[in-house]
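Chemist: sequence and predicted structure are below.
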Amino acid sequence: MPSNFLKILVLLAAWAAPGMLPAQGLVFQTGDWKTMLSKARAEDKLVFVDVYTTWCGPCKEMDRKVFPDQAVGAFFNTAFINYKLDAEKGEGPGISDNYHVGAFPTYLFVNGNGELIHKSVGLSQAAEFLAIGQTALRQKEAHKPFSWYESAYQAGNRDPEFVRTYLLNGALEGKNMDQELNAYLAALSEDQRFTDTTLLLAGNVVFDCEGQAYALLLEASKNRVFYFKTSDLTRRAIRSGIQRAQNHSLRKAIKNQNPVLLDTILASESKGSLLYQYHHRKTYLTYYRETGNLEGFWEIAEPLATALMAKDPAKLATLDTIRHQAMLTNLRAMKQDTNSMLFLEAKAHTRPETSSAASDLAEYAAGAINLGAEGQKLEQAARWAARSAELFPEYSYTLGVHGKALLRLGQTDRARKCCKKRWN
């Protein structure tokens with residue numbers, strides 16, 4: 001039997017040889033999770049899991065443009081057991097929680113014993129997605145259980161390469177590695193801290209908003225000249241790291257019902273700025289929603305929704321064009337590669353003002369409805385939901401919220417029609 005290393009060489013050679021590409025893209029297998037793990041053990045492969053939701057735009061983009069790619073299919077169909085998982089249905093919620101999935105799409109690479117070997121998040125181009133798969137294969141060959149790394153670290157191993165691997169493995173296990181990450185960062189010079197290697201590490205490992213890693217990511221994101229000189233992968237790690245840390249701190253504040261902790265999240269923006277006001281609203285709306293405080297939620301949401309309801313859809317469409325062109329112009333002025341993910345994502349986002357208004361109205365309506373709004377508040381929330389669905393009917397979430405509002409109002413037939421439209 002050939003060694004695993006030779007197997008990888010054969011796989012990579014098959015992927016690279018144009019004449020060996022089958023005329024199909026990535027093929028997903030069907031069955032339950034237990035069956036996928038059993039196949040992985042039998043074939044000595046990793047299970048590649050595409051964790052998606054039905055409302056996720058980047059997920060649909062991967063389905064349309066990347067998964068059908070012949071090179072992607074040739075490599076992934078040979079190297080992995082490919083599996084699609086809806087994070088909101090069936091086994092999806094449990095598996096997603098087990099592997100700490102917090103954004104979509106998330107790509108999991110899991111061995112036959114259920115151990116997470118590699119994890120990546122976000123929209124990718126075909127070449128980048130292939131690189132993710134190759135990384136997963138390399139990590140499969142080098143895989144050791146986290147307990148091995150933990151014992152070696154506690155025994156005093158501080159070799160930088162080992163520590164980085166230890167930290168990444170801990171993050172893959174969903175562990176809070178901030179103390180060890182802070183110690184690693186403290187030993188670096190200023191120049192070493194602001195490198196792709198360090199920022200990728202911090203972005204993938206950072207746990208909450210209370211350590212050096214979060215402060216480093218914030219500093220890197222606020223230095224726009226430096227930020228746009230980094231790679232797509234590094235920028236994505238910075239953004240996802242900041243978001244993950246803020247989400248963890250927000251969950252901690254909700255669990256302890258301690259709004260004081262929200263200040264650490266809001267430190268990411270300058271007080272008084274438009275971004276600060278935006279994040280302040282979003283953070284407190286989430287806090288009040290998750291702690292069951294309808295009055296607190298309504299106090300923030302009602303004036304915001306009223307202002308959105310007063311906006312003319314035609315003017316929003318005009319602003320869509322202006323803002324979309326401004327985004328592309330700014331990226332070109334920064335010498336951003338027109339084939340980069342940042343530029344392509346901006347190019348695809350053609351209705352920023354309209355989609356933002358629809359999303360916000362749906363959020364306010366859903367929050368009020370789920371918190372038990374009655375009477376005039378419920379009727380007002382239903383009007384927000386209706387406007388949201390009118391503005392952006394292709395977004396299934398807006399239709400779902402509108403349907404729920406109609407159901408709460410007792411308008412069963414209209415609710416049924418709305419839900420049918422959502423799933424068509």
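Modeler: Alright, I've got the coordinates.
Chemist: in the strand or helix carrying Leu250, what's buried?
Modeler: Assessed by DSSP states H and E, Leu250 sits inside helix 232-256. Using 16 or more other C-beta atoms under 10 Å as the test for burial, helix 232-256 gives 232-250, 253-254. To be clear about C-beta, it is placed using only N, CA and C from the backbone, and glycine gets the same treatment.
Chemist: ok, then the element right after that helix?
Modeler: That would be, after helix 232-256 and using DSSP H and E, helix 262-266.
Chemist: against Gly296, how distant is Asp97?
Modeler: Going from Asp97 to Gly296 by C-beta to C-beta, to the nearest Å gives 27 Å.
Chemist: Lys60 sits in which helix or strand?
Modeler: helix 57-61.
Chemist: what's that helix in contact with?
Modeler: 50, 52-53, 104-105, 122-123, 348 (C-beta atoms under 8 Å, 6 or more residues apart in numbering).
Chemist: figure out how far the very next helix or strand once past that helix is from the centre of its chain.
Modeler: Remark: after helix 57-61, the chain's next helix or strand is helix 70-79, criterion DSSP H and E. Averaging C-alpha positions (C-alpha atoms, centre = their mean, to the nearest Å) puts helix 70-79 24 Å from its chain's average.
Chemist: now stretch 64-78
Modeler: Worked out by C-alpha atoms, centre = their mean, stretch 64-78 lies 22 Å from the chain centre.
Chemist: what residues sit buried inside that stretch?
Modeler: 65-67, 69, 71-78.
Chemist: turn those into TSV, including distance to Thr306 and pLDDT.
Modeler: Listed next are the buried residues of stretch 64-78 as TSV, based on distance: C-beta to C-beta, whole Å; pLDDT from 0 to 100:
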residue	distance to Thr306	pLDDT
Lys65	39	91
Val66	41	94
Phe67	42	95
Asp69	46	92
Ala71	51	91
Val72	47	93
Gly73	50	92
Ala74	54	91
Phe75	52	93
Phe76	49	95
Asn77	53	93
Thr78	56	91
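Chemist: can you show me the strands along the stretch 201-350 of the chain?
Modeler: For the stretch 201-350 of the chain, no strands are identified by DSSP state E, counting those that start in this stretch.
Chemist: please name the residues that touch Gly122.
Modeler: 58, 103, 105, 236, 240, 341.
Chemist: report pLDDT for it.
Modeler: What the model reports as pLDDT for Gly122 is 87.
Chemist: what's the answer for Lys420, then?
Modeler: So, for Lys420, pLDDT stands at 68.
Chemist: now do Val163
Modeler: 95.
Chemist: what of Tyr397?
Modeler: 75.
Chemist: could you list the buried residues of the host helix or strand of it?
Modeler: Tyr397 is part of helix 396-408 when elements are defined by DSSP H and E. For helix 396-408, the neighbour count (16+ other C-beta under 10 Å) marks 396-408 as buried.
Chemist: including distance to Ala215, could those go into TSV?
Modeler: Output for those, formatted as TSV (distance: C-beta to C-beta, whole Å):
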residue	distance to Ala215
Ser396	38
Tyr397	34
Thr398	37
Leu399	41
Gly400	38
Val401	37
His402	42
Gly403	43
Lys404	40
Ala405	42
Leu406	46
Leu407	46
Arg408	44
